[in-house]
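Peer 1: How does the following fold in three dimensions:
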Amino acid sequence: MTADEHYQKGMEYFVLDQLDEAIAELQKALEQDSGHKDSLHAISMSYYHQKDMDSAILYGERLRDADPENALAYTSLSMYYQAQGRIQEAEDMGALAAKYSAKSG
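Peer 2: This is a model prediction of the structure:
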């Protein structure tokens, strides 16, 4: 299967709230393409829903690094930092999200 096919399969698991299975498929996508942006975002959100903020942040930062003007990456990181009580970092990420959202819109 291709990275895109693993991503699609991972998303099927994600919508069924089968997060362990989603993460496994998304990991396979990232093994084939370590910069697969959709998979990076989806795996970070999967970890977020499992309340594993450290892993969510790890993959959120990888997405941000792979696509530094992606407003969604900053929005997601803001959510993850907020969940950890890291308010200033959450606000900083929110501001960057607004900046890149306005830039693309």
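
Peer 1: remind me, longest helix of this protein?
Peer 2: helix 87-104 (DSSP state H).

Peer 1: which parts of it are buried?
Peer 2: Judged by neighbour count (16 or more other CB atoms under 10 Å), helix 87-104 contains these buried residues: 89-90, 93-94, 96-97, 100. Using the backbone N, CA and C atoms, a C-beta is placed for each residue, glycine as well.

Peer 1: now do stretch 19-31
Peer 2: Neighbour-count burial for stretch 19-31, counted by 16+ other CB under 10 Å, picks out 19, 21-26, 28-30.

Peer 1: contacts for the longest helix of the chain?
Peer 2: Here helix 87-104 makes contact (CB atoms under 8 Å, 6 or more residues apart in numbering) with 69-72, 74-75, 77-79, 81-82.

Peer 1: 10 Å instead, please
Peer 2: 57, 60, 64, 67-84, 86 (CB atoms under 10 Å, 6 or more residues apart in numbering).

Peer 1: With stretch 65-78 instead?
Peer 2: Residues outside stretch 65-78 that contact it (CB under 10 Å, 6+ apart) are 34-37, 40-41, 44-45, 48, 56-57, 59-64, 86, 89-105.
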